[in-house]
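Undergrad: Sequence plus predicted model, see below.
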Amino acid sequence: MVEVRLENVTKKFKDLVAVNNLTLTVKNGEFLVLLGPSGCGKTTTLRMIAGLETPTSGRIFFGDREVTYLPPKDRNISMVFQSYAVWPHMTVYENIAFPLKIKRYPKNEIDRRVKWAAELLRISELLKRYPSQLSGGQRQRVAVARAIVIEPDVLLMDEPLSNLDAKLRVSMRAEIKKLQTRLNVTTIYVTHDQVEAMTMGDRIAVMNAGRLLQVGPPTKVYLKPKTLFVATFIGAPEMNILDATLLEKNGRLIVEGNGFEIELPMELEETLRDYVGKEILFGIRPEHMTIQGVSTLEHVKRTTIIEGITDFIEALGTDTIVHVRVGDSLIKVKLPGHIPLPIGKKIKIEIDLDNIHVFDKNSKKAII
Ligand code: ATP
């Protein structure tokens, strides 16, 4: 295991800037998730760390050692891809043994390590089979076993679960995370799936259009997004964003939008003073609201009320998403459990004032 450091790394493909001045440190033994939409530069970043692409500018370090121009074989890394990339003409045993053979390990050491990796991935009884005789989940286990068998300094994973069905994905998620914790190997995991990122990462690095937008522990990124993009990319249903204006009334700060008015807590006044009289974007997550008389918010210090009319109900079984018309906007409120509500009913929405967000309308950066 080793610390991975990217310093001002840029990768251009002709005119296209795939990765734009990326600076990031992945700590020793950390599980870092690179999260972002398709085409944002995640895979290119991973391939530069692997040595499969060379940065146009910038430097990459493993600990004190610069690896920017080192070929993959000299980096002691392993990679797991979306397509399992296990060799069809080799048995499971041969597949897992392959990286060790290339490194010319002695036969008994190869045998010991293959059995160790197979046991960790719970595929010991499959060692004699060929990949065509395995399920998708089993094949992916073989790919992971083959990746860890050399005990790499850095484990790189590129959407390794996206070919698996939903149920298997959930169980493999937990298995990979447990395995990584046990092996304590520095891991960089690429995904566009925010649930995977939230549940697996020690930290998440959110990228968009080649740029790194925010890095932090999942809960921090979720609760304190620094930009509108991060706020709306993470969370399902996504954060409600309402056009509003910040006003001062009777010495208090008010967020005023079409059909609602919210008085802000006193301590926010200093941060927001420069925005008085300006248009802003007001954000609130669906689960940070409730409907009065229907459900209550747990562990909440202070709330305020806005009014609306129920427009549509999504009954998900475990949760209910209530679409509410507030002025000319539709907002979503997420309530735990099954809550049948009539459509067209006047309701009072209670908002958790400690989980509100205000964004600058021009820069799209979070002000609070
Ligand atoms: P996805 O989740 O779809 O894999 P990504 O975030 O991993 O997306 P990258 O694969 O890193 O994104 O691609 C970033 C940008 O660079 C994209 O616009 C892509 O088309 C472009 N790109 C990637 N590889 C090459 C290449 N070899 N030649 C030219 N353009 C490339």
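TA: Everything's here; your move. Please read all numbers here as calculations on a predicted model, not as lab measurements.
Undergrad: buried set for stretch 277-291?
TA: If you call a residue buried by 16 or more other Cβ atoms under 10 Å, then stretch 277-291 has these buried ones: 280-291. The C-beta positions use only the backbone N, C-alpha and C, and glycine is treated the same way.
Undergrad: Kindly reformat the residues you listed as JSON lines containing secondary structure.
TA: JSON lines is the format used below for these (DSSP: H, G, I helix; E, B strand; the rest coil):
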{"residue": "Ile280", "secondary structure": "strand"}
{"residue": "Leu281", "secondary structure": "strand"}
{"residue": "Phe282", "secondary structure": "strand"}
{"residue": "Gly283", "secondary structure": "strand"}
{"residue": "Ile284", "secondary structure": "strand"}
{"residue": "Arg285", "secondary structure": "coil"}
{"residue": "Pro286", "secondary structure": "helix"}
{"residue": "Glu287", "secondary structure": "helix"}
{"residue": "His288", "secondary structure": "helix"}
{"residue": "Met289", "secondary structure": "strand"}
{"residue": "Thr290", "secondary structure": "strand"}
{"residue": "Ile291", "secondary structure": "strand"}
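Undergrad: Among these, which ones lie close to the ligand?
TA: Checking the buried residues of stretch 277-291 against the ligand by Cβ under 6 Å from any ligand atom, not one of them is in range.
Undergrad: how about those residues in JSON lines, adding pLDDT?
TA: JSON lines is the format used below for these (pLDDT from 0 to 100):
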{"residue": "Ile280", "pLDDT": "97"}
{"residue": "Leu281", "pLDDT": "98"}
{"residue": "Phe282", "pLDDT": "98"}
{"residue": "Gly283", "pLDDT": "98"}
{"residue": "Ile284", "pLDDT": "98"}
{"residue": "Arg285", "pLDDT": "98"}
{"residue": "Pro286", "pLDDT": "98"}
{"residue": "Glu287", "pLDDT": "96"}
{"residue": "His288", "pLDDT": "97"}
{"residue": "Met289", "pLDDT": "97"}
{"residue": "Thr290", "pLDDT": "96"}
{"residue": "Ile291", "pLDDT": "96"}
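Undergrad: Return the residues of the stretch 1-150 of the chain in contact with the ligand.
TA: 13, 16, 18, 36, 38-44.
Undergrad: buried subset of the residues you listed?
TA: 18, 36, 40-44.
Undergrad: For Gly308, state which of those residues is nearest.
TA: Comparing these against Gly308 with Cβ to Cβ places Gly36 closest, at 33.0 Å.
Undergrad: quick one, phi psi at that closest one?
TA: phi 170, psi 170 (degrees, to the nearest 10).
Undergrad: my read: it touches Asn208, true?
TA: Yes. With contact defined as Cβ atoms under 8 Å, Gly36 reaches Asn208; the gap is 5.5 Å.
Undergrad: and for these two, which residues touch both?
TA: Phe233 (Cβ atoms under 8 Å, 6 or more residues apart in numbering).
Undergrad: and stretch 212-219, anywhere near the ligand?
TA: No. Using Cβ under 6 Å from any ligand atom, stretch 212-219 stays clear of the ligand, coming no nearer than 12.1 Å.
Undergrad: Residues contacting that stretch, please?
TA: The contact list for stretch 212-219 (Cβ under 8 Å, 6+ apart) reads 22-24, 197-199, 201-207, 221, 224-227, 229-230.
Undergrad: Going by neighbour count, which of those are buried?
TA: 22, 24, 197-198, 201-207, 221, 225-227, 229-230.
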